[in-house]
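>>> next comes the sequence, and after it the predicted model I'd like to discuss.
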Number of protein chains: 2
Amino acid sequence: MSEIIRIGEQVLSENNRLAAQIRSRLETLQLPAINLVSSPGSGKTTLLEKTLTHLAGHLRIALIAGDVQTDNDARRLTAAGGRLVRPIVTGGACHLDARMVTQALQGMALEECDLLIIENVGNLVCPSSYDLGEDRKVVLLSTAEGDDKPLKYPAIFRRAGLLVITKLDLLGTSDFDLLRAEEHARMIHPGLEILRLSCRSGAGMESWYGWLQQLALAKKAGSGAHA
Amino acid sequence: MSEIIRIGEQVLSENNRLAAQIRSRLETLQLPAINLVSSPGSGKTTLLEKTLTHLAGHLRIALIAGDVQTDNDARRLTAAGGRLVRPIVTGGACHLDARMVTQALQGMALEECDLLIIENVGNLVCPSSYDLGEDRKVVLLSTAEGDDKPLKYPAIFRRAGLLVITKLDLLGTSDFDLLRAEEHARMIHPGLEILRLSCRSGAGMESWYGWLQQLALAKKAGSGAHA
């Protein structure tokens, strides 16, 4: 057991070393980066499709789309107008790590971009342990899940810099209580910034676009905070 | 890297040894067991609450409820009438393993039960690798997720003995296509048995209850198949 723990620590320590290299490179480029984490089906890819369409001409976005077995997401994002989209197929692994991201970044024309978005594998547990060199982790929670998720999967809510509650249009179709969900999230992470939106109805989308633009502006102004 | 792979293989081999012990004990007891796996928020606990209520007096169900950080699910299941409910709090781990289940089973009066249900941690990736000694893995997919999930997370759909499509009442609120979801599941696992249901409307619930009762009867008749 202690051997397993030791190996686990080595893996995380090596990951942190590579994440620091990524962060340093992004810092030089003044390029902000977010790491998008959620359960499968919370709507990461749909949110990114809408974002690419809406911000086209305003914000040049580079994307890394992680998936366990297909490059479906990367193809959807390219079809939605993504100019610089790289898939990572983990081949079974349950999270992205800094080594995979380092490889994906090779040869990407990042100097022509204003924002890097990394879409993690759909998993609310494992991705929380792996720093990818991002400025902020952003966790998505859909109203079709349960409002107790922040309590049940606290690590990612503790480490996230933003919670986005998605599928607002489905409120009322289940027992999901929006205020209770937010209360649970802030029990785990006091002061956590929260946005609520629906890609379907369009509600709340402007705040999300504004948040991304603000992140990009703050980094260019040299005041970007680190994860 | 090779050291990590070697350790990983040791972990899985030790898990398989313990899972075989669990399976042997359940075989002696003629007690069928299922291992319920899904994303967070697909409705595992709600389905089990309904099941406990409906089958009370018909099928004596023992439950193990796995969670990363709380015993919320175990408390909900006890409140729903579960007489024999054991929580496993993994303390951050992203899946149940056979060692945790072995410990949880200690002292449980399994000889007084007709069915053991193990509710895994909400995660569509990692639990697929860990045999818990069950007869069948049952994977849940909610219509609020995406119909491409079987392609994106194939391992659990390949290893499951049953797919339960949940939240049928939400069909039409998103782009989820039921036939396409089933087609994707059978591309990964030809012949996979599929049930469709809604805990909210009650649609399809009788087939689920019937499936569980059939599993229990088949085991008592000595014809239960192994995972």
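Perfect, I can see it now.

>>> who touches stretch A:26-33?
A:22, A:62, A:110-111, A:113-118, A:132-135, A:215-216, A:218-220, A:222, A:224 (Cβ atoms under 8 Å, 6 or more residues apart in numbering or on different chains). (C-beta placed from N, C-alpha, C; glycine too.)

>>> tell me where chain A has strands.
A:33-37, A:61-67, A:84-89, A:115-119, A:136-142, A:162-166, A:194-196 (DSSP state E).

>>> between the ones you listed, which one is closest to B:Gly191.
strand A:61-67 (25.6 Å; Cβ to Cβ).

>>> export the closest one to PDB, keeping only CA atoms.
Extracted C-alpha coordinates of strand A:61-67, given in PDB (Å, rounded to 0.1, in the frame of the first residue of the first chain):
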ATOM      1  CA  ILE A  61      -9.800  30.900 -28.700                       C
ATOM      2  CA  ALA A  62      -7.500  27.900 -28.800                       C
ATOM      3  CA  LEU A  63      -9.100  24.600 -27.600                       C
ATOM      4  CA  ILE A  64      -7.800  21.300 -26.300                       C
ATOM      5  CA  ALA A  65     -10.600  18.700 -26.100                       C
ATOM      6  CA  GLY A  66     -10.000  15.700 -23.900                       C
ATOM      7  CA  ASP A  67     -11.900  12.500 -24.400                       C
END
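
>>> what is the mean pLDDT for that strand?
Averaging pLDDT along strand A:61-67 gives 96.

>>> each with direction, which strands does it pair with?
Strand A:61-67 has its sheet partners listed here by DSSP bridges as strand A:84-89 (parallel), strand A:115-119 (parallel).

>>> show me what contacts A:Ile4?
B:Ile7, B:Val11.

>>> give me the distance between it and B:Gln10.
Distance check for A:Ile4 against B:Gln10: by Cβ to Cβ, to the nearest Å, it reads 8 Å.

>>> cool, and A:Val68?
Taking Cβ to Cβ, one finds A:Val68 at 23 Å from B:Gln10.

>>> buried ones among the contacts of stretch A:26-33?
Buried members of those, scored by 16 or more other Cβ atoms under 10 Å in any protein chain shown, are A:22, A:62, A:110, A:113-118, A:132-135, A:215-216, A:219, A:224.

>>> if we can go back for a sec, show me the contacts of stretch A:26-33 that map onto helices.
Among the contacts of stretch A:26-33, DSSP state H puts A:Ile22, A:Leu215, A:Ala216, A:Ala218, A:Lys219, A:Lys220 in helices.

>>> which one of the residues you listed is nearest chain B?
A:Ile22 (19.6 Å; Cβ to the nearest Cβ).

>>> geometric centre of chain A: which residue is closest?
A:Leu36 (1.0 Å; Cα atoms, centre = their mean).

>>> contacting residues for that one?
A:Lys44, A:Leu48, A:Ile117, A:Ile118, A:Glu119, A:Asn120, A:Val138, A:Leu140 are the contacts of A:Leu36 under Cβ under 8 Å, 6+ apart.

>>> next, format these as TSV and append pLDDT.
Supplementary listing: the contacts of A:Leu36 in TSV, determined by pLDDT from 0 to 100:
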residue	pLDDT
A:Lys44	97
A:Leu48	98
A:Ile117	98
A:Ile118	98
A:Glu119	97
A:Asn120	97
A:Val138	98
A:Leu140	98
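
>>> top of those residues by neighbour count?
A:Asn120 (30 neighbours; other Cβ atoms under 10 Å in any protein chain shown).

>>> now it: how far from chain B?
Plainly put, A:Asn120 is 11 Å away from chain B if you go by Cβ to the nearest Cβ, to the nearest Å.

>>> separation between that residue and A:Val139?
A:Asn120 is 10 Å from A:Val139, where distance means Cβ to Cβ.
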